[in-house]
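**Student:** Below: sequence and its predicted model.
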Amino acid sequence: MKAEDIKCAASVCAGVIGYSYALKFAMVGLEVWAQNRTEESSARAKGRVEESLSSLVKNGVYTEDEAKEVAGRIHYTTSIAEAVKEAQFIQESSAEHYDVKWQIVDEIEAAAAPDAIIASSTSGLLVTEIAKNAKHPERFCGGHPYNPPHLIPLVEITRGEKTSEETVECAKAFYQKLGMEPVVLKKEALGFICNRLQMALYREVANLVMSGVCTVEDADKAVTFGPGIRWGIMGPSLVFELGGGAGGVSGLMNHLHDSTTLWLQDMADWKEFPAEWADIAQKGVDEELAHRPAEVGNTPETLAEWRDKMLIEELKLHHKL
Ligand SMILES: NC(=O)c1ccc[n+]([C@@H]2O[C@H](COP(=O)([O-])OP(=O)(O)OC[C@H]3O[C@@H](n4cnc5c(N)ncnc54)[C@H](O)[C@@H]3O)[C@@H](O)[C@H]2O)c1
């Protein structure tokens, strides 16, 4: 299968991630099938697509007519067979359990063309294990998005032991065609790249808060208006390349070596989050939300709306929308 041959895509299990992938596929002109188990969850997926499109209209990405055209390319069904039978690319976004994924992969393979690519949205299960009963494991890979995939460009592609090079190349080219930024992992790794990076940072947030250095709100503020604002433009190594001046990143690392050694020795190296952190984090976030002006979102709903508006502006800067 070649990416240019993909004209029809299926999003199987169109929940939080699956509806957004269906929308992303439709945004680049593909015919799309979005599958859910019940009429009720199908209606929820359709509602989410409409809400996201209306936010894209509100933020100047689409006119009303263009949004209608995008919406018109998505067909909803409760049948996996109907969703996948004409699709050349199938994104699986079912619940994060092996037994659910095995059952869904079985149902997909029973109706899909033998060369259709199947990509799993799994956040951390092993592709090799998900595809272990597959008839054609060579066309199966991981396509891990960040929420919501119709706005966040990163997708982490993982291969299982039997995934073919052709599948990886096709998935990579396909996601690029969607305007996404695929990164192919050289080997399977729990949590892939970015969840590991996020958790490494978040472990230190928990450590700083629990040892009384700062509040949850201040840690959020420090990231948002400090390194985070740069990370939206370039990654940490490029940031340090500039930070090192003429010496570049190697100069910076050498110059700061003694100091970073002291910091690293003082930082958390926990192998699990302390049990009390979840409650401390929630209390901190509740306080932070209570301090936020309404215009930047101060409830989970308005915060998500503001995030999408800001993401759209950021994506425009990156020429991704
Ligand atoms: N939510 C995120 O931020 C996020 C980010 C990246 C990847 N993912 C991954 O995407 C996948 C879907 O996550 P989500 O957040 O969209 O979850 P979700 O609960 O919103 O959707 C899961 C879908 O799976 C279906 N499902 C659940 N149990 C099933 C079963 N027994 N048989 C058949 N279908 C079943 C549901 O009907 C629903 O359509 C997971 O693998 C998750 O790890 C999630």
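**Tutor:** Ah, there it is. Please read these numbers as outputs of a predicted model, since none were measured by experiment.

**Student:** Domain ranges for this structure, per the record?
**Tutor:** 3-184, 194-317 (automatic domain parsing).

**Student:** Single out the most deeply packed of those.
**Tutor:** Burial of the domains of the chain is given as mean neighbour count (mean count of other CB atoms under 10 Å); domain 3-184 ranks first at a mean of 20. Where you see a C-beta, it was placed from the backbone N, CA and C, and this is true even at glycine.

**Student:** any residue of that one up close to the ligand?
**Tutor:** Yes - for domain 3-184 and the ligand, the contact criterion (CB under 6 Å from any ligand atom) is met by 13-18, 36-37, 41, 93-96, 100, 104, 121-123, 144-145, 147.

**Student:** Let's have the domains of the chain in CSV, adding mean pLDDT.
**Tutor:** Below are these laid out as CSV (pLDDT from 0 to 100):
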stretch, mean pLDDT
domain 3-184, 97
domain 194-317, 97
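
**Student:** which residues of the protein fall in strands?
**Tutor:** Using DSSP state E, the strands assigned to the chain run over residues 8-12, 31-35, 74-77, 89-92, 117-120, 140-145, 154-159, 181-184.

**Student:** Got the phi and psi for the residue in the stretch 1-150 of the chain that the ligand sits nearest to?
**Tutor:** Relative to the ligand, the nearest point of the stretch 1-150 of the chain is residue 15 (2.1 Å; CB to the nearest ligand atom). Main-chain dihedrals, residue 15, degrees, to the nearest 10: phi -80, psi -140.

**Student:** Chain neighbours aside, what residue packs nearest to it?
**Tutor:** Excluding its sequence neighbours, the residue lying closest to residue 15 (CB to CB, 6 or more residues apart in numbering) is residue 93, at 6.3 Å.

**Student:** residues touching the one you found, list them.
**Tutor:** Counting by CB atoms under 8 Å, 6 or more residues apart in numbering, residue 93 makes contact with 11-15, 17-18, 21, 120-121.

**Student:** picking that back up, dump the strands of the chain to CSV, plus distance to residue 316.
**Tutor:** Below are the strands of the chain laid out as CSV (distance: least, CB to CB, whole Å):
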stretch, distance to residue 316
strand 8-12, 25
strand 31-35, 24
strand 74-77, 24
strand 89-92, 25
strand 117-120, 27
strand 140-145, 20
strand 154-159, 17
strand 181-184, 15
